[in-house]
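Engineer: I need the structure of the sequence given here:
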Amino acid sequence: MNKIALYFFCIVFASSCVMKNVTELSLSIPPKNAKELIAKVNSKNKSPEWLALKGKVRLLLEKDNEVSLGISIRVRKDSLIWASVTAPFGIELFRAVLTKDSVYYINRTSKTYFVKPIAHISKIIKTDIAFNEIQEMIMVTPKIVKKKYSFDKINDDFILSTQDYTYTISNFYRIRQGVFIDNENSLIYTYSNFSFENDFPEQLELIVKSASENDFNLKLNYSKVVFDQQQQTPFKIPSSYVEAK
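Structural biologist: Have a look, this model is predicted:
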């Protein structure tokens, strides 16, 4: 269970002129090339100051080892990501806070904790990832990495691709899937079931594949989404807990 929790929390974790040009983009006119498509996607990527999510998390490791638990995530833009995982009947198992420079984690079941640099996440998943990239993934506002992309349209989706990066983008200019390949490692995130009411997906799936580590598949299914309401993010390490080695 400790390993499962660690994997989860490692994952779950312009000037005014430019802004004017972005807001004046016409989304009704189909893009003709990668540059126009990226501009339209960026115009849709509006991050709230606060985001609160509640639902279920399912983590599938190798050999059909699957765990399904309750999840609550609260994000303050450019500041922190707070998460709590619960067993049935609301019993908290793990809690974590990610900031721009640190990871704080407590395990209620083993009464342990750790505090590590944010770079610890990259060591675990064998892929470079920063706090802002984790935040953007949770807020469904991932940025398209600056590259020279090929531009295609398949059915209702646009495809941007290079040797290392591939993005699938809906005709509503929301990223539905991102694929990153780093040597023998890969990370894939997929958003599905976007709500017409708030333009937010009901599900996020994250797949990490590594040549040297166990692959895993994580799915977040959201039952409640709250925007721009200040949230409590309590985190206190009990004095009786010991530091995890």
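Engineer: what sits against the residue in the chain sticking out farthest from the centre?
Structural biologist: Distance from the centre of the chain peaks at S240, with 32.1 Å (Cα atoms, centre = their mean). Shown in contact with S240 (Cβ atoms under 8 Å, 6 or more residues apart in numbering): K111. Backbone N, C-alpha and C define where each C-beta goes, glycine included.
Engineer: Ok, Y149 next?
Structural biologist: If you count contacts by Cβ under 8 Å, 6+ apart, then Y149 has 34, 160-162, 165, 167 around it.
Engineer: do P31 as well
Structural biologist: 37, 39-40, 151, 158.
Engineer: which residues of the protein fall in strands?
Structural biologist: 50-60, 66-76, 80-86, 92-99, 102-107, 112-117, 150-154, 157-161, 165-169, 175-182, 185-194, 201-209, 216-227, 242-243 (DSSP state E).
Engineer: so what strands line up beside the longest one?
Structural biologist: What it means is strand 216-227. Here strand 216-227 has these sheet partners by DSSP bridges: strand 50-60 (antiparallel), strand 201-209 (antiparallel).
Engineer: where does the protein have its least confident helix or strand?
Structural biologist: Within the chain, no helix or strand scores below helix 16-23, which has a mean of 36 by mean pLDDT, DSSP states H and E.
Engineer: Can you verify my assumption that I129 contacts S122?
Structural biologist: Yes: checked against Cβ atoms under 8 Å, the pair I129 and S122 is within contact range at 5.7 Å.
Engineer: The two: who's more crowded?
Structural biologist: I129 (19 against 14; other Cβ atoms under 10 Å).
Engineer: Counting neighbours, what do you get for I169?
Structural biologist: So I169, with other Cβ under 10 Å, has 23 neighbours.
Engineer: Tell me who's in contact with it.
Structural biologist: 37, 41, 157-160, 175-176 are the contacts of I169 under Cβ under 8 Å, 6+ apart.
Engineer: Distance-wise, check D101 relative to I118.
Structural biologist: Distance, D101 to I118, by Cβ to Cβ, to the nearest Å: 5 Å.
Engineer: Closest to the centroid, which residue in the protein?
Structural biologist: Note: the chain centre (Cα atoms, centre = their mean) maps to M137, 3.0 Å.
Engineer: Run through the bridge partners of R95.
Structural biologist: Here R95, judged by DSSP bridges, has bridge partners S84, I106.
Engineer: Identify the residues contacting it.
Structural biologist: 82-85, 105-106, 108, 235.
Engineer: Equivalent analysis for K143, please.
Structural biologist: Here K143 is in contact with 42, 45, 136 (Cβ under 8 Å, 6+ apart).
Engineer: returning to that earlier point: W50: which of the contacts of P31 is nearest?
Structural biologist: Nearest to W50 among the contacts of P31 is K40, at 25.8 Å by Cβ to Cβ.
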